[in-house]
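coordinates for the following, if possible.
(one chain, ligands or ions: 1)
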Amino acid sequence: MCGIVGILGKEPVSGQLLEALKRLEYRGYDSAGVATVENGELGRRRAEGKLHNLEARLSDDPLMGRLGIGHTRWATHGAPTEANAHPHMTTRVSVVHNGIIENFKQLRSELESAGVEFSTDTDTEVIAHLVSREMDAGHDPAVAVQHALGQLEGAFALAFIFKDHDNLMIAARQGSPLAVGYGDGEMYLGSDAIALAPFTDTISYLEDGDWVVMTREGLAIRDRQGAAVERPLQKSVASALMVDKGNHRHFMAKEIHEQPEMVGHTLANFIDFANSRVQLPDMPFEFSSLDRISISACGTAYFAGLVAKYWFEKLARLPVEIDVASEFRYRDVPMEAGGLSLFISQSGETADTLAALRYCREQGQTIVSIVNVRESSIERDSDAVLPTLAGPEIGVASTKAFTCQLSVLACLAIAAGRARGTLSEETEIELVDALSEVPRHMSAILRDGRTYDALAHSLAKASDVLYLGRGVNYPIALEGALKLKEISYIHAEGYAAGELKHGPIALIDETMPVVVVAPRDAMFEKTLSNVQEAAARGGRIVFLSDAEEKAAGCDLMAAIKLPAVHSFTTPLIYALPMQLIAYHTAVFLGTDVDQPRNLAKSVTVE
Ligand code: M6R
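Okay, the predicted model is just below:
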């Protein structure tokens with residue numbers, strides 16, 4: 001998954017291309033490049049690593065074309081080197097690509113047999129050669145692109161510029177998002193509306209199979225069959241302002257500290273606090289007529305769904321089938337028409353989640369999504385959306401989006417319980433009151449940064465860490481392990497605490513920190529037994545609890561006191577120490593916290 005941008009401007013466009021690419025860096029940041037057409041000649045600059053390397057390259061050796069394309073890469077085929085960085089080009093055409101060309105090996109060997117020489121390991125280079133070959137055969141650029149598109153299999157968004165064409169850009173979408181933007185005598189193209197926000201708020205989203213021929217004067221969109229089509233103009237609400245880090249050293253720190261506010265906003269959107277009642281907007285389904293819900297999501301969003309499974313099943317007696325979307329989409333799941341499928345995604349662009357959604361639509365399901373980025377593909381493909389009001393999340397490690405997802409899901413589970421008659425009015429009031437206290441408890445935890453800083457010094461020496469939790473907090477243990485892995489690069493695994501004795505206990509010795517999520521709830525005594533089992537084998541316990549004194553006697557690395565809260569809201573509360581442990585450990589180790597290696601914020605490839 002990569003970010004692509006294109007501009008047909010009145011002035012040299014490389015500065016604007018860079019500005020748009022900065023806004024797309026969440027899609028990948030292992031290399032970047034731009035190409036422009038100046039007096040009919042194609043020119044290109046590329047650089048390995050972050051965008052500032054490309055910026056420096058352009059400042060040493062500027063490009064002055066008024067028409068150009070740009071790319072920020074998350075490598076799929078070929079190492080993240082300058083040679084493999086986009087744009088790719090031949091003498092005739094330059095192309096940027098987001099996605100994967102699945103039949104590239106076959107296309108490449110056909111082209112090589114015909115004498116074409118390749119200079120990269122990417123799947124994208126075949127596209128440049130296919131278009132070039134069509135132009136060599138005498139076709140104009142639009143026909144050449146159309147013929148080349150017919151040979152490509154996979155998911156992609158593409159933008160092309162051509163030698164000798166100072167007023168022409170062609171783009172295509174098949175499975176990867178692409179928006180066109182309308183300016184005053186200028187035209188724009190981008191992977192999302194956020195990239196285009198500094199230049200225009202008037203956009204159209206291309207649909208799958210669309211390809212578009214653009215000049216400064218306008219555009220013509222065609223569908224897969226070649227028929228002229230129109231896509232509605234929309235006013236984008238994406239902000240032109242770049243989000244900054246405020247007083248924080250990293251976006252992740254800022255986003256962790258924003259949680260009391262963002263969770264408060266999100267809850268307020270679904271709760272009538274004056275009467276302690278959940279108030280959902282009109283939904284295209286009735287909870288009372290459902291016999292199950294299916295949930296699909298990836299990564300942290302999946303863990304939010306896993307928490308919700310416990311909530312829906314307990315409060316609403318509603319069975320939940322939950323899957324990571326990358327498995328669900330290929331599992332050929334039998335589904336009875338008329339069911340409810342729920343999708344959870346911060347970005348709203350995760351390819352696996354989107355594919356799972358489309359499968360469910362084909363099976364006649366009602367599609368409801370919980371997304372943070374408005375106007376995203378998942379939102380647009382849903383029958384209803386329940387937004388998380390987390391604001392822009394820039395750090396690759398998801399933090400505030402997760403707790404906002406939990407906030408929405410908590411409200412949804414309460415509403416389900418009420419609608420199905422399994423939850424009394426008194427219990428609704430009790431649970432809503434507990435939710436309303438969450439922002440205050442979060443603020444209290446966030447005042448205690450020093451505890452986590454001290455713990456980080458010890459954890460940073462570990463090469464493996466176990467996270468344990470039970471019941472609704474088992475997914476929180478999984479989330480804690482994921483957070484630590486992705487930003488500190490320390491190997492970590494989350495387990496249901498009761499599962500310890502079935503295998504993972506063999507790993508425990510005095511070098512193994514064991515982080516235990518242990519609120520004083522119905523499972524507390526059982527969790528304590530598991531802690532004793534781990535401690536007896538030398539494990540060094542990090543005990544997170546509102547009854548931290550109960551771990552006395554174990555070999556403690558730390559006992560961290562957390563606020564005593566209603567058992568319903570413990571996942572929201574215990575998510576924060578998971579984030580803080582990972583954050584402080586990563587800072588201590590000096591990793592790139594906001595843009596950890598090999599990851600991207602939005603995973604738009606499968
Ligand atoms: O944008 P999404 O919520 O669909 O993204 C899903 C995962 O890629 C994401 O949660 C990922 O696991 C994060 N890096 C976790 O911190």
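
residues from this structure in reach of the ligand?
Applying CB under 6 Å from any ligand atom, we find that the chain lies next to the ligand at 298-301, 345-347, 350, 353, 396-398, 482, 486, 602-603. Placement of C-beta: from N, CA and C, glycine included.

which ones among those map onto helices?
299-301, 353, 482, 486 (DSSP state H).

Serialize the residues you listed to JSON lines and add fields for neighbour count and pLDDT.
Output for those, formatted as JSON lines (neighbours: other CB atoms under 10 Å; pLDDT from 0 to 100):
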{"residue": "G299", "neighbour count": "22", "pLDDT": "98"}
{"residue": "T300", "neighbour count": "23", "pLDDT": "98"}
{"residue": "A301", "neighbour count": "28", "pLDDT": "98"}
{"residue": "T353", "neighbour count": "30", "pLDDT": "96"}
{"residue": "L482", "neighbour count": "22", "pLDDT": "98"}
{"residue": "E486", "neighbour count": "22", "pLDDT": "97"}
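
of those residues, closest to the ligand?
Proximity of those to the ligand (CB to the nearest ligand atom) peaks at G299, which lies at 1.9 Å.

which residues touch stretch 394-402?
Identification of contacts with stretch 394-402 by CB atoms under 8 Å, 6 or more residues apart in numbering yields 26, 243, 250-252, 255-256, 258-259, 262-263, 299-301, 303-304, 346, 372, 388, 390-391, 393, 479, 483, 486-487, 575, 579, 582-583, 593-596, 599-601.

and if we set it to 7 Å?
With CB atoms under 7 Å, 6 or more residues apart in numbering as the test, stretch 394-402 has contacts from 26, 243, 250-252, 255-256, 258-259, 262, 300, 304, 346, 372, 388, 390, 393, 479, 483, 486-487, 575, 579, 582, 593-596, 599-601.

what's downstream of the helix or strand harbouring F303, the next helix or strand?
Using DSSP states H and E, the element containing F303 is helix 299-316. Following helix 299-316 in sequence order, the next helix or strand is strand 320-324 (DSSP H and E).

circling back to that earlier point, tell me the one of the residues of the chain next to the ligand nearest V145?
Closest approach between these and V145, by CB to CB: S602, at 26.0 Å.

correct me, but the closest one touches Q346?
No: look at S602 against Q346 with CB atoms under 7 Å: they stay out of range, at 8.2 Å.

number of residues surrounding G338?
13 (other CB atoms under 10 Å).

now do the SS call for it.
coil (DSSP: H, G, I helix; E, B strand; the rest coil).

and the pLDDT at the closest residue to it other than its chain neighbours?
Spatial nearest neighbour of G338, chain neighbours left out: G364 (6.4 Å); criterion: CB to CB, 6 or more residues apart in numbering. If you check G364, the pLDDT there is 96.

I'd like to know how far G364 sits from the ligand.
24 Å (CB to the nearest ligand atom, to the nearest Å).

looks to me like that residue is in a helix.
No: assigned with three-state DSSP, G364 falls outside any helix and is coil.

which residues does the nearest residue to S347 once chain neighbours are set aside contact?
Excluding its sequence neighbours, the residue lying closest to S347 (CB to CB, 6+ apart) is S602, at 4.0 Å. Listed by CB under 7 Å, 6+ apart, the contact partners of S602 are 1, 26-27, 347, 349-350.

how about a cut-off of 10 Å?
Taking CB atoms under 10 Å, 6 or more residues apart in numbering, we find S602 in contact with 1, 3, 24, 26-28, 74, 177, 191-192, 345-351, 373, 376, 396.

can you report how many residues lie near the nearest residue to R420 once chain neighbours are set aside?
In this structure, R420 finds its nearest non-sequential neighbour in A316, 5.1 Å apart by CB to CB, 6+ apart. When neighbours are counted by other CB under 10 Å, A316 registers 25.

ok, now the one 4 residues further on?
Residues near V320, counting by other CB under 10 Å, number 19.

one more: E41?
Using other CB under 10 Å: E41 sits among 11 other residues.

please report how far the closest residue to T91 other than its chain neighbours lies from the ligand.
Leaving aside its chain neighbours, T91 sits nearest to K163 (6.6 Å; criterion: CB to CB, 6+ apart). Separation of K163 from the ligand (CB to the nearest ligand atom): 38 Å.

residue contacts, the residue in the stretch 51-200 of the chain positioned nearest to the ligand?
Nearest residue of the stretch 51-200 of the chain to the ligand: W74, at 11.7 Å (CB to the nearest ligand atom). The contact partners of W74, taken as CB under 10 Å, 6+ apart, are 1-3, 26-31, 80, 98, 598-605.
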